[in-house]
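>>> please find the sequence and the predicted model below.
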Amino acid sequence: MRVKVMHREQRHERKSKKEALLESCARDLSRVGAFHQRVLQKVSKSGFGSDVAIKASDVARKASDVALNISASASASASNSSTAGSATQVIATLESGVSLGSGEYFMDVFIGTPPKHFSLILDTGSDLNWLQCSPCQDCYEQVGPKYDPSTSSSYSAIPCSSPQCGLVAPPEAEAAGDRCAGNGRNSSSSCRYFYWYGDRSNTTGDLSWETFSVNVTGRRGPLRVPRVIFGCGHANRGLFHGAAGLLGLGRGQLSFTSQLRELYGHKFSYCLVDRDSNASVSSTLVFGEDERLVAHRDLQYTALIQTATSVDTFYYVRIAAVTVGGERVHVPSGAFDITAEGYGGTIVDSGTTLTYLVQPAYEKIRSAFEAKITYPRVEFPPLGPCYNVSGGGDVKLPEFSIIFTDGAVWRFPAENYFIQLDPEESVVCLAIMGTPPGSLSILGNYQQQNFHILYDVDNSRLGFAPMTCAAI
(Lines give C-alpha, C1' and ligand atoms only; values in the text may rest on other atoms or scores of the structure.)
Protein backbone atom coordinates (compact mmCIF):
# COMPACT_ATOMS: atom_id res chain seq x y z
CA MET A 1 0.00 0.00 0.00
CA ARG A 2 1.64 3.25 -1.15
CA VAL A 3 0.72 6.57 0.50
CA LYS A 4 2.05 10.05 -0.40
CA VAL A 5 3.35 12.45 2.27
CA MET A 6 3.09 16.13 1.33
CA HIS A 7 4.30 19.36 2.86
CA ARG A 8 1.51 20.66 5.01
CA GLU A 9 -0.93 23.13 3.51
CA GLN A 10 -0.40 26.58 4.96
CA ARG A 11 -3.16 26.97 7.56
CA HIS A 12 -1.26 28.88 10.23
CA GLU A 13 1.16 31.79 10.07
CA ARG A 14 4.31 30.45 8.49
CA LYS A 15 7.31 30.22 10.78
CA SER A 16 10.84 31.05 9.71
CA LYS A 17 13.22 28.13 9.39
CA LYS A 18 15.04 29.25 12.54
CA GLU A 19 11.81 29.43 14.53
CA ALA A 20 10.68 26.06 13.25
CA LEU A 21 14.05 24.52 14.05
CA LEU A 22 14.04 25.85 17.62
CA GLU A 23 10.52 24.53 18.19
CA SER A 24 11.53 21.16 16.76
CA CYS A 25 14.56 21.04 19.07
CA ALA A 26 12.39 21.82 22.09
CA ARG A 27 9.92 19.10 21.18
CA ASP A 28 12.75 16.67 20.41
CA LEU A 29 14.29 17.18 23.83
CA SER A 30 10.93 16.57 25.51
CA ARG A 31 10.55 13.42 23.40
CA VAL A 32 14.04 12.19 24.30
CA GLY A 33 13.14 12.61 27.96
CA ALA A 34 9.85 10.80 27.47
CA PHE A 35 11.59 7.90 25.74
CA HIS A 36 14.00 7.65 28.67
CA GLN A 37 11.09 7.54 31.10
CA ARG A 38 9.56 4.69 29.11
CA VAL A 39 12.85 2.81 29.33
CA LEU A 40 12.88 3.40 33.10
CA GLN A 41 9.34 2.05 33.36
CA LYS A 42 10.31 -1.03 31.41
CA VAL A 43 13.35 -1.60 33.59
CA SER A 44 12.00 -0.86 37.03
CA LYS A 45 8.18 -0.54 36.84
CA SER A 46 8.57 2.08 39.55
CA GLY A 47 8.54 5.86 39.92
CA PHE A 48 6.01 8.43 38.70
CA GLY A 49 3.26 6.89 36.63
CA SER A 50 4.83 3.43 36.50
CA ASP A 51 1.59 1.71 37.43
CA VAL A 52 -0.52 3.92 35.20
CA ALA A 53 1.66 4.66 32.19
CA ILE A 54 2.76 1.12 31.46
CA LYS A 55 3.28 0.69 27.71
CA ALA A 56 0.54 -1.11 25.85
CA SER A 57 3.19 -3.23 24.15
CA ASP A 58 4.50 -4.42 27.54
CA VAL A 59 1.06 -5.75 28.34
CA ALA A 60 0.68 -7.09 24.81
CA ARG A 61 3.62 -9.42 25.32
CA LYS A 62 1.54 -11.22 27.94
CA ALA A 63 -1.50 -11.25 25.68
CA SER A 64 -0.05 -12.03 22.24
CA ASP A 65 -2.97 -14.30 21.45
CA VAL A 66 -5.31 -11.33 21.83
CA ALA A 67 -3.07 -9.19 19.63
CA LEU A 68 -3.02 -11.82 16.92
CA ASN A 69 -6.81 -11.76 16.96
CA ILE A 70 -6.68 -7.98 16.43
CA SER A 71 -4.73 -8.38 13.19
CA ALA A 72 -6.82 -11.31 12.01
CA SER A 73 -10.05 -9.40 12.71
CA ALA A 74 -8.91 -6.34 10.76
CA SER A 75 -7.68 -8.41 7.81
CA ALA A 76 -10.82 -10.54 7.67
CA SER A 77 -13.02 -7.46 7.72
CA ALA A 78 -10.90 -5.77 5.06
CA SER A 79 -10.94 -8.80 2.80
CA ASN A 80 -14.73 -8.79 2.94
CA SER A 81 -14.94 -5.07 2.19
CA SER A 82 -15.87 -4.03 -1.32
CA THR A 83 -13.08 -1.47 -1.32
CA ALA A 84 -10.32 -3.51 0.30
CA GLY A 85 -8.97 -5.08 -2.88
CA SER A 86 -6.25 -7.71 -2.98
CA ALA A 87 -3.07 -5.66 -3.44
CA THR A 88 0.11 -6.77 -1.69
CA GLN A 89 1.03 -3.18 -0.88
CA VAL A 90 -0.65 0.14 -0.15
CA ILE A 91 1.06 3.41 -1.07
CA ALA A 92 0.01 6.72 0.50
CA THR A 93 1.27 10.31 0.85
CA LEU A 94 2.76 12.11 3.84
CA GLU A 95 3.20 15.81 4.50
CA SER A 96 5.84 17.69 6.47
CA GLY A 97 4.85 19.99 9.32
CA VAL A 98 8.03 22.07 9.10
CA SER A 99 6.18 25.34 8.39
CA LEU A 100 4.23 24.89 11.62
CA GLY A 101 7.35 24.40 13.72
CA SER A 102 6.84 20.64 13.67
CA GLY A 103 9.60 18.24 12.69
CA GLU A 104 7.07 15.46 12.19
CA TYR A 105 5.26 14.07 9.18
CA PHE A 106 1.49 13.90 8.71
CA MET A 107 -0.80 11.48 6.89
CA ASP A 108 -4.34 12.12 5.70
CA VAL A 109 -6.74 9.45 6.95
CA PHE A 110 -10.52 9.20 6.46
CA ILE A 111 -12.25 7.81 9.53
CA GLY A 112 -15.78 6.59 10.20
CA THR A 113 -18.91 6.01 8.13
CA PRO A 114 -19.46 8.27 6.32
CA PRO A 115 -15.68 8.90 6.19
CA LYS A 116 -14.36 12.24 7.38
CA HIS A 117 -10.89 13.65 6.79
CA PHE A 118 -8.29 13.92 9.58
CA SER A 119 -4.56 14.66 9.53
CA LEU A 120 -2.58 12.39 11.86
CA ILE A 121 1.06 12.51 12.97
CA LEU A 122 3.08 9.45 11.90
CA ASP A 123 5.09 8.06 14.80
CA THR A 124 7.36 5.00 14.75
CA GLY A 125 8.08 5.64 18.43
CA SER A 126 4.60 4.71 19.71
CA ASP A 127 1.87 2.14 19.10
CA LEU A 128 -1.57 3.52 19.92
CA ASN A 129 -3.61 5.12 17.12
CA TRP A 130 -5.81 7.86 18.55
CA LEU A 131 -7.94 10.91 17.71
CA GLN A 132 -9.24 13.87 19.65
CA CYS A 133 -12.92 13.06 20.20
CA SER A 134 -16.04 15.04 20.99
CA PRO A 135 -17.07 15.74 23.63
CA CYS A 136 -13.59 17.01 24.45
CA GLN A 137 -12.98 17.60 28.15
CA ASP A 138 -9.41 18.89 27.92
CA CYS A 139 -7.93 19.12 24.41
CA TYR A 140 -5.25 21.08 22.57
CA GLU A 141 -6.02 23.36 19.63
CA GLN A 142 -6.67 21.34 16.48
CA VAL A 143 -6.85 22.33 12.81
CA GLY A 144 -10.34 21.37 11.65
CA PRO A 145 -13.22 19.71 13.51
CA LYS A 146 -12.71 16.94 16.04
CA TYR A 147 -13.92 13.40 15.44
CA ASP A 148 -17.45 12.85 16.73
CA PRO A 149 -18.22 9.14 17.27
CA SER A 150 -21.96 9.84 17.42
CA THR A 151 -21.93 10.71 13.69
CA SER A 152 -20.34 7.43 12.54
CA SER A 153 -22.33 4.23 12.02
CA SER A 154 -19.15 2.10 12.11
CA TYR A 155 -17.92 3.30 15.51
CA SER A 156 -18.14 1.02 18.51
CA ALA A 157 -16.54 1.27 21.94
CA ILE A 158 -14.58 -1.72 23.20
CA PRO A 159 -16.09 -2.93 26.49
CA CYS A 160 -13.95 -3.01 29.62
CA SER A 161 -14.54 -6.76 29.90
CA SER A 162 -13.00 -7.38 26.45
CA PRO A 163 -9.55 -9.04 26.22
CA GLN A 164 -8.41 -6.12 24.07
CA CYS A 165 -8.91 -3.81 27.02
CA GLY A 166 -5.99 -5.55 28.71
CA LEU A 167 -3.64 -4.17 26.06
CA VAL A 168 -3.83 -0.60 27.37
CA ALA A 169 -3.25 0.99 30.74
CA PRO A 170 -6.26 2.46 32.59
CA PRO A 171 -6.52 6.06 33.81
CA GLU A 172 -5.01 6.63 37.24
CA ALA A 173 -8.43 6.62 38.91
CA GLU A 174 -9.02 3.07 37.63
CA ALA A 175 -5.46 1.78 38.04
CA ALA A 176 -6.30 -0.27 41.12
CA GLY A 177 -8.99 -2.90 41.15
CA ASP A 178 -11.59 -3.97 38.60
CA ARG A 179 -11.79 -1.68 35.56
CA CYS A 180 -15.48 -2.51 35.18
CA ALA A 181 -16.40 -1.67 38.77
CA GLY A 182 -17.26 1.56 40.56
CA ASN A 183 -19.00 4.76 39.50
CA GLY A 184 -21.93 2.86 38.02
CA ARG A 185 -19.69 0.88 35.64
CA ASN A 186 -20.31 -2.73 34.59
CA SER A 187 -18.95 -5.28 32.11
CA SER A 188 -20.49 -3.48 29.14
CA SER A 189 -18.97 -0.11 30.07
CA SER A 190 -16.33 1.29 27.72
CA CYS A 191 -12.63 0.46 28.08
CA ARG A 192 -10.98 3.57 29.45
CA TYR A 193 -7.27 4.07 28.62
CA PHE A 194 -4.37 6.36 29.47
CA TYR A 195 -1.36 6.59 27.13
CA TRP A 196 1.62 8.69 28.16
CA TYR A 197 4.36 10.19 25.97
CA GLY A 198 6.11 12.69 28.22
CA ASP A 199 5.58 15.30 30.91
CA ARG A 200 3.23 17.32 28.69
CA SER A 201 1.99 14.72 26.22
CA ASN A 202 -0.73 12.16 26.91
CA THR A 203 -4.15 11.00 25.80
CA THR A 204 -7.05 9.63 27.83
CA GLY A 205 -10.30 8.25 26.46
CA ASP A 206 -12.17 5.15 25.28
CA LEU A 207 -10.51 2.30 23.40
CA SER A 208 -12.69 1.70 20.34
CA TRP A 209 -13.16 0.14 16.91
CA GLU A 210 -13.60 2.19 13.74
CA THR A 211 -13.17 2.03 9.97
CA PHE A 212 -10.01 3.76 8.69
CA SER A 213 -9.75 4.71 5.00
CA VAL A 214 -6.60 5.82 3.19
CA ASN A 215 -6.23 7.44 -0.22
CA VAL A 216 -3.97 5.15 -2.22
CA THR A 217 -1.78 6.11 -5.16
CA GLY A 218 -3.07 4.77 -8.48
CA ARG A 219 -6.33 3.50 -7.00
CA ARG A 220 -9.92 4.57 -7.52
CA GLY A 221 -11.34 5.46 -4.16
CA PRO A 222 -9.75 4.94 -0.74
CA LEU A 223 -8.77 1.64 0.84
CA ARG A 224 -11.10 0.86 3.76
CA VAL A 225 -9.92 -1.14 6.79
CA PRO A 226 -12.78 -1.86 9.25
CA ARG A 227 -12.40 -2.56 12.97
CA VAL A 228 -9.12 -0.78 13.53
CA ILE A 229 -8.47 -0.43 17.26
CA PHE A 230 -7.87 3.21 18.22
CA GLY A 231 -8.16 5.56 21.15
CA CYS A 232 -11.08 8.01 21.15
CA GLY A 233 -9.33 10.67 23.22
CA HIS A 234 -11.49 13.01 25.33
CA ALA A 235 -8.55 14.53 27.26
CA ASN A 236 -5.33 15.13 25.34
CA ARG A 237 -2.32 17.28 26.11
CA GLY A 238 0.97 17.90 24.35
CA LEU A 239 2.80 19.38 21.39
CA PHE A 240 0.85 17.89 18.50
CA HIS A 241 0.86 21.01 16.27
CA GLY A 242 -2.80 21.05 15.32
CA ALA A 243 -2.98 17.40 14.24
CA ALA A 244 -6.20 15.48 14.84
CA GLY A 245 -4.26 12.73 16.57
CA LEU A 246 -1.55 10.17 15.99
CA LEU A 247 -1.00 7.08 13.84
CA GLY A 248 1.27 4.68 15.73
CA LEU A 249 3.78 2.74 13.63
CA GLY A 250 5.81 1.15 16.44
CA ARG A 251 6.61 -2.57 16.78
CA GLY A 252 3.88 -3.11 19.38
CA GLN A 253 0.69 -5.03 18.66
CA LEU A 254 -1.68 -2.04 18.68
CA SER A 255 0.15 -0.04 16.01
CA PHE A 256 -1.45 0.59 12.63
CA THR A 257 1.18 -1.42 10.79
CA SER A 258 0.80 -4.36 13.21
CA GLN A 259 -2.96 -4.36 12.69
CA LEU A 260 -2.43 -4.47 8.90
CA ARG A 261 0.16 -7.24 8.93
CA GLU A 262 -2.21 -10.02 7.83
CA LEU A 263 -2.98 -7.93 4.73
CA TYR A 264 0.45 -6.64 3.74
CA GLY A 265 2.93 -8.43 5.97
CA HIS A 266 4.55 -6.80 8.97
CA LYS A 267 6.65 -4.36 6.95
CA PHE A 268 6.41 -0.78 5.78
CA SER A 269 8.72 1.82 4.27
CA TYR A 270 8.89 5.54 3.66
CA CYS A 271 10.94 7.97 1.62
CA LEU A 272 11.10 11.48 3.06
CA VAL A 273 11.82 14.35 0.67
CA ASP A 274 14.24 17.15 1.51
CA ARG A 275 12.51 19.39 4.05
CA ASP A 276 13.43 22.44 1.95
CA SER A 277 11.60 21.04 -1.07
CA ASN A 278 8.72 22.86 -2.70
CA ALA A 279 5.48 22.40 -0.76
CA SER A 280 3.93 20.55 -3.70
CA VAL A 281 6.53 17.77 -3.49
CA SER A 282 5.38 14.73 -1.56
CA SER A 283 6.97 11.96 0.45
CA THR A 284 5.83 8.35 0.20
CA LEU A 285 4.70 5.73 2.72
CA VAL A 286 4.34 2.10 1.65
CA PHE A 287 2.60 -0.65 3.62
CA GLY A 288 3.87 -3.98 2.30
CA GLU A 289 6.89 -4.68 0.11
CA ASP A 290 8.03 -2.11 -2.44
CA GLU A 291 9.50 -3.97 -5.42
CA ARG A 292 11.51 -0.96 -6.59
CA LEU A 293 13.19 -0.66 -3.22
CA VAL A 294 13.92 -4.37 -2.93
CA ALA A 295 15.53 -4.28 -6.40
CA HIS A 296 17.63 -1.19 -5.64
CA ARG A 297 21.31 -1.96 -6.17
CA ASP A 298 22.40 0.10 -3.15
CA LEU A 299 19.88 -1.36 -0.71
CA GLN A 300 21.53 -2.51 2.52
CA TYR A 301 20.08 -4.24 5.56
CA THR A 302 20.98 -4.19 9.21
CA ALA A 303 19.33 -6.23 11.94
CA LEU A 304 16.48 -4.91 14.07
CA ILE A 305 17.27 -6.17 17.54
CA GLN A 306 15.28 -6.89 20.67
CA THR A 307 16.40 -8.01 24.08
CA ALA A 308 14.54 -9.16 27.15
CA THR A 309 14.78 -5.63 28.57
CA SER A 310 14.40 -3.46 25.46
CA VAL A 311 11.17 -1.48 24.93
CA ASP A 312 8.95 -3.47 22.58
CA THR A 313 7.75 -0.41 20.65
CA PHE A 314 11.14 0.83 19.46
CA TYR A 315 13.12 -0.15 16.35
CA TYR A 316 16.59 -0.82 17.76
CA VAL A 317 19.73 -1.16 15.62
CA ARG A 318 23.28 -1.94 16.73
CA ILE A 319 26.05 0.53 15.86
CA ALA A 320 29.65 -0.71 15.78
CA ALA A 321 31.42 2.52 14.78
CA VAL A 322 31.08 5.94 13.16
CA THR A 323 33.43 7.72 10.77
CA VAL A 324 34.04 11.44 10.26
CA GLY A 325 36.04 12.50 7.23
CA GLY A 326 36.76 8.86 6.42
CA GLU A 327 38.36 8.15 9.81
CA ARG A 328 36.86 6.08 12.61
CA VAL A 329 35.96 8.05 15.71
CA HIS A 330 37.17 6.41 18.90
CA VAL A 331 33.92 6.41 20.87
CA PRO A 332 33.86 4.62 24.24
CA SER A 333 33.34 0.87 23.95
CA GLY A 334 29.68 -0.12 24.22
CA ALA A 335 28.46 3.49 24.03
CA PHE A 336 25.63 2.56 21.64
CA ASP A 337 24.72 -0.80 23.17
CA ILE A 338 21.66 -1.77 25.20
CA THR A 339 22.81 -2.67 28.70
CA ALA A 340 21.73 -5.85 30.45
CA GLU A 341 19.33 -3.69 32.48
CA GLY A 342 17.75 -2.20 29.32
CA TYR A 343 19.34 1.25 29.28
CA GLY A 344 20.83 2.87 26.19
CA GLY A 345 20.76 1.43 22.70
CA THR A 346 20.06 3.12 19.37
CA ILE A 347 16.68 3.46 17.67
CA VAL A 348 15.49 4.75 14.28
CA ASP A 349 12.54 7.11 14.72
CA SER A 350 10.31 9.12 12.36
CA GLY A 351 8.91 11.39 15.08
CA THR A 352 12.22 12.88 16.24
CA THR A 353 13.63 15.60 13.98
CA LEU A 354 17.37 15.74 14.63
CA THR A 355 19.74 12.93 15.58
CA TYR A 356 20.63 12.46 19.24
CA LEU A 357 23.65 10.39 20.29
CA VAL A 358 24.56 9.39 23.81
CA GLN A 359 26.86 12.04 25.31
CA PRO A 360 30.17 10.11 25.53
CA ALA A 361 29.92 9.23 21.81
CA TYR A 362 28.51 12.61 20.80
CA GLU A 363 31.43 14.51 22.36
CA LYS A 364 33.94 12.44 20.41
CA ILE A 365 32.01 12.87 17.14
CA ARG A 366 31.59 16.59 17.67
CA SER A 367 35.30 16.98 18.39
CA ALA A 368 36.14 15.06 15.20
CA PHE A 369 34.06 17.49 13.14
CA GLU A 370 35.58 20.52 14.89
CA ALA A 371 39.10 19.24 14.18
CA LYS A 372 38.42 18.92 10.44
CA ILE A 373 36.37 22.07 9.71
CA THR A 374 38.16 25.40 9.16
CA TYR A 375 35.21 27.71 8.46
CA PRO A 376 34.62 30.54 10.98
CA ARG A 377 32.56 29.52 14.01
CA VAL A 378 29.27 31.17 14.90
CA GLU A 379 26.93 30.58 17.84
CA PHE A 380 23.34 29.34 17.59
CA PRO A 381 22.42 27.46 20.77
CA PRO A 382 21.29 24.82 21.39
CA LEU A 383 22.88 23.63 18.14
CA GLY A 384 26.61 23.49 17.60
CA PRO A 385 29.14 23.61 16.25
CA CYS A 386 27.89 26.12 13.67
CA TYR A 387 29.91 27.66 10.84
CA ASN A 388 29.74 30.57 8.41
CA VAL A 389 30.39 28.91 5.06
CA SER A 390 30.09 32.05 2.90
CA GLY A 391 32.89 33.24 0.67
CA GLY A 392 32.14 31.53 -2.60
CA GLY A 393 33.10 28.15 -3.95
CA ASP A 394 31.83 24.73 -3.03
CA VAL A 395 31.17 24.08 0.64
CA LYS A 396 33.25 21.15 1.80
CA LEU A 397 32.29 19.37 5.00
CA PRO A 398 33.67 16.07 6.37
CA GLU A 399 31.88 12.90 5.36
CA PHE A 400 29.85 11.08 8.02
CA SER A 401 28.95 7.37 8.12
CA ILE A 402 27.50 4.87 10.56
CA ILE A 403 28.84 1.31 10.54
CA PHE A 404 26.58 -1.38 11.99
CA THR A 405 27.80 -4.53 13.72
CA ASP A 406 26.70 -6.75 10.82
CA GLY A 407 28.78 -4.78 8.31
CA ALA A 408 26.13 -2.49 6.77
CA VAL A 409 27.35 1.08 6.28
CA TRP A 410 24.99 4.08 6.16
CA ARG A 411 26.75 6.94 4.34
CA PHE A 412 25.03 10.31 4.59
CA PRO A 413 25.23 13.39 2.37
CA ALA A 414 26.26 16.54 4.23
CA GLU A 415 22.75 18.04 4.01
CA ASN A 416 21.51 15.21 6.24
CA TYR A 417 23.80 16.02 9.17
CA PHE A 418 24.42 19.75 8.69
CA ILE A 419 21.39 22.03 8.66
CA GLN A 420 21.26 25.48 7.08
CA LEU A 421 19.62 27.86 9.52
CA ASP A 422 18.14 30.20 6.93
CA PRO A 423 18.00 30.06 3.12
CA GLU A 424 19.26 33.69 3.05
CA GLU A 425 22.24 33.02 5.33
CA SER A 426 25.36 30.90 4.86
CA VAL A 427 25.34 29.42 8.34
CA VAL A 428 25.19 25.66 8.89
CA CYS A 429 25.02 23.74 12.17
CA LEU A 430 25.67 20.12 13.02
CA ALA A 431 22.22 18.47 13.16
CA ILE A 432 23.34 16.07 15.89
CA MET A 433 23.00 16.65 19.62
CA GLY A 434 23.87 14.73 22.78
CA THR A 435 21.75 12.82 25.27
CA PRO A 436 22.75 11.95 28.86
CA PRO A 437 24.75 8.76 29.54
CA GLY A 438 22.41 5.76 29.71
CA SER A 439 19.82 7.39 27.43
CA LEU A 440 18.76 6.22 24.00
CA SER A 441 20.57 7.32 20.87
CA ILE A 442 18.04 8.29 18.18
CA LEU A 443 18.52 8.54 14.41
CA GLY A 444 15.94 11.20 13.55
CA ASN A 445 14.02 12.00 10.38
CA TYR A 446 16.33 14.83 9.25
CA GLN A 447 19.14 12.32 8.81
CA GLN A 448 16.77 10.00 6.93
CA GLN A 449 15.88 12.47 4.14
CA ASN A 450 16.22 11.11 0.62
CA PHE A 451 16.69 7.56 1.81
CA HIS A 452 14.05 4.90 1.32
CA ILE A 453 13.79 3.28 4.77
CA LEU A 454 12.27 -0.20 5.14
CA TYR A 455 11.05 -1.51 8.50
CA ASP A 456 10.89 -5.26 7.81
CA VAL A 457 9.62 -6.65 11.10
CA ASP A 458 8.81 -10.02 9.49
CA ASN A 459 12.53 -10.56 8.95
CA SER A 460 13.79 -8.40 11.85
CA ARG A 461 15.80 -6.05 9.66
CA LEU A 462 16.00 -2.39 8.66
CA GLY A 463 16.68 -1.61 5.00
CA PHE A 464 17.97 1.68 3.60
CA ALA A 465 18.89 2.92 0.14
CA PRO A 466 19.75 6.43 -1.16
CA MET A 467 16.97 7.74 -3.36
CA THR A 468 15.57 10.99 -4.73
CA CYS A 469 12.34 10.73 -2.81
CA ALA A 470 10.56 13.44 -4.78
CA ALA A 471 10.85 11.25 -7.87
CA ILE A 472 9.00 8.18 -6.56
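That came through fine.
>>> tally of neighbours for the residue lying closest to residue 276 once chain neighbours are set aside?
Once flanking residues are discounted, residue 276 sits nearest to residue 423: 7.2 Å by Cβ to Cβ, 6 or more residues apart in numbering. To be clear about C-beta, it is placed using only N, CA and C from the backbone, and glycine gets the same treatment. Residue 423 has 8 neighbouring residues, counting by other Cβ atoms under 10 Å.
>>> repeat that for the one 3 residues further on.
Neighbouring residues of residue 426 were enumerated by other Cβ under 10 Å; the total is 16.
>>> residues contacting it?
Listed by Cβ atoms under 8 Å, 6 or more residues apart in numbering, the contact set of residue 426 reads 388-391, 420.
>>> cutoff 6 Å now
388-390 (Cβ atoms under 6 Å, 6 or more residues apart in numbering).
>>> taking the residues you listed one by one, which sit in strands?
Judged by DSSP state E, strands contain the following of these: residue 388.
>>> show the buried residues in the contacts of residue 426.
residue 389 (16 or more other Cβ atoms under 10 Å).
>>> of the contacts of residue 426, which is the nearest to residue 251?
residue 389 (39.6 Å; Cβ to Cβ).
>>> and that closest one, how far is that from residue 396?
9 Å (Cβ to Cβ, to the nearest Å).
>>> if we can go back for a sec, if I look at the residue nearest to residue 276, how far off is residue 273?
When residue 423 is compared with residue 273 (using Cβ to Cβ), they lie 16 Å apart.
>>> hang on, the earlier thing: state the distance from the residue nearest to residue 276 to residue 23.
For residue 423 relative to residue 23 (Cβ to Cβ), the value is 18 Å.
>>> what's the answer for residue 447, then?
19 Å.
>>> what does residue 411 give?
When residue 411 is compared with residue 23 (using Cβ to Cβ), they lie 30 Å apart.
>>> again with residue 145
From residue 145 to residue 23 the distance is 25 Å (Cβ to Cβ).
>>> with residue 466 instead?
Taking Cβ to Cβ, one finds residue 466 at 29 Å from residue 23.
>>> more neighbours, the two?
residue 23 (19 against 16).
>>> quick one, strands of the stretch 101-250 of the chain?
105-111, 116-123, 130-132, 156-157, 191-198, 201-214, 223-237, 245-248 (DSSP state E, counting those that start in this stretch).
>>> closest one to residue 367 among those strands?
Comparing these by Cβ to Cβ, strand 191-198 comes nearest, at 30.3 Å.
>>> what pairs with the closest one, parallel or antiparallel?
strand 201-214 (antiparallel) (DSSP bridges).
>>> work out the gap between the partner strand and the centre of the chain.
Here strand 201-214 shows a centroid-to-chain-centroid distance of 17 Å under the convention Cα atoms, centre = their mean, to the nearest Å.
>>> who's in contact with that strand?
Contacts of strand 201-214 (Cβ under 6 Å, 6+ apart): 3, 92, 109-111, 113, 115, 130, 154-158, 168, 171, 190-191, 193-196, 222-228, 230-238.
>>> for PyMOL, write a command that selects the buried ones of these.
Buried residues among the contacts of strand 201-214 (16+ other Cβ under 10 Å), as a PyMOL selection:
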select buried, resi 3+92+109+110+111+113+115+130+154+155+157+158+168+190+191+193+194+195+196+222+223+224+225+226+227+228+230+231+232+233+234+235+236+237+238
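>>> which stretches of this protein aren't confidently modelled?
1-15, 44-103, 173-177, 182-184, 198-199, 215-221, 277-279, 392 (pLDDT under 70).
>>> so which residue is dead centre in it?
In the chain, the centroid-proximal residue (Cα atoms, centre = their mean) is residue 123; its distance is 2.3 Å.
>>> what sits against that residue?
Taking Cβ under 6 Å, 6+ apart as the test, what residue 123 contacts is 246, 248, 351.
>>> how about the residue lying closest to it once chain neighbours are set aside, what does it touch?
Nearest non-adjacent residue to residue 123, counting by Cβ to Cβ, 6+ apart: residue 351, 4.2 Å away. Applying Cβ under 6 Å, 6+ apart to residue 351 gives the contacts 104, 123, 125.
>>> how about 10 Å then?
Applying Cβ atoms under 10 Å, 6 or more residues apart in numbering to residue 351 gives the contacts 27-28, 31, 35, 102-105, 121-126, 197, 246, 248-250, 442, 444-445.
>>> that one belongs to a strand, doesn't it?
No - membership of residue 351 in a strand is not supported by DSSP: H, G, I helix; E, B strand; the rest coil, which gives coil.
>>> ramachandran angles for the residue nearest to residue 388 when sequence neighbours are not counted?
Distances taken as Cβ to Cβ, 6+ apart place residue 376 nearest to residue 388, at 4.7 Å, with adjacent residues excluded. Note on residue 376: backbone dihedrals following degrees, to the nearest 10 are phi -60, psi 140.
>>> fine by me, we can end here.
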